[in-house]
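Colleague: Here is the input, now give the coordinates:
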Amino acid sequence: MDLILWRHAEAEDGLPDQSRKLTAKGEKQASQMAAWLRERLPKETRVIVSPAKRTQQTAQALSGKFETLKEVGVGASVPSLLAAAGWPDAKGAVLVVGHQPTLGQVAALLLGGEEASWTIRKGAVWWLSSRVRQDETQVVLRTVMAPDML
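Modeller: Numbering: from 1, shown residues only. Have a look, this model is predicted:
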């Protein structure tokens, strides 16, 4: 299984948190990353997105075809995000458009063995794969891409 973690692009400050929109810079970040992803994502990639406005806008830059799930929303837990994605047993690829600190905690758990406060930059993608080798499940970091590197 491939698990692609995409942090929402740069958003306005303010409250209510769920209604914060992308800035002009954030719209550009989302558009550039979406173009990069379109060239690489498998055709049948499942896309799950937080209900927050900024994540919805980030995902819309890629496609209008996605599922909105509170399990990956603001304040989501690592177990709820992993369960929503079907990690590690789902077939194919799942793209999660979500938030810090949860995305960083997921990356830390899967790559380092325990939850930690890892930072995923706004608009960045971390692409992880699960594989079984000699009856052991392994996690492979396939790539990390930040919008300023595109």
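
Colleague: What's the separation between the residue in the chain sticking out farthest from the centre and Arg46?
Modeller: Among residues of the chain, the one most distant from the C-alpha centroid is Gln134; the distance is 28.8 Å, by C-alpha atoms, centre = their mean. For Gln134, the distance to Arg46 under the criterion C-beta to C-beta, to the nearest Å works out to 29 Å. C-betas here are computed from N, CA, C, even on glycine.

Colleague: where do the helices sit along the chain?
Modeller: Taking DSSP state H as the test, the helices found in the chain are 24-38, 53-62, 78-85, 102-112.

Colleague: Tabulate those helices (CSV), appending mean pLDDT and distance to Val94.
Modeller: What follows is the helices of the chain, written out as CSV (pLDDT from 0 to 100; distance: least, C-beta to C-beta, whole Å):
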stretch, mean pLDDT, distance to Val94
helix 24-38, 98, 13
helix 53-62, 98, 13
helix 78-85, 98, 4
helix 102-112, 98, 12
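
Colleague: okay, those in a markdown table with mean neighbour count next?
Modeller: Putting those into a markdown table (neighbours: other C-beta atoms under 10 Å) gives the following:
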| stretch | mean neighbour count |
| --- | --- |
| helix 24-38 | 18 |
| helix 53-62 | 23 |
| helix 78-85 | 18 |
| helix 102-112 | 20 |
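
Colleague: between these, which gets nearest to Leu15?
Modeller: Set against Leu15 and scored by C-beta to C-beta, those come closest in helix 53-62, at 12.3 Å.

Colleague: one step back: please report how far the residue farthest from the centre of the chain lies from Asp2.
Modeller: Taking C-beta to C-beta, one finds Gln134 at 21 Å from Asp2.

Colleague: just Gly123 next, same as before
Modeller: When C-beta to C-beta is applied, the distance between Gly123 and Asp2 equals 19 Å.

Colleague: cool, and Lys122?
Modeller: The spacing between Lys122 and Asp2, counted by C-beta to C-beta, is 22 Å.

Colleague: Of these two, which one has the most company?
Modeller: Here Lys122 and Asp2 are compared on neighbour count by other C-beta atoms under 10 Å; more neighbours surround Lys122, at 21 against 17.

Colleague: Can you get me a residue count around Leu15?
Modeller: Here the number of neighbours of Leu15 (other C-beta under 10 Å) works out to 7.
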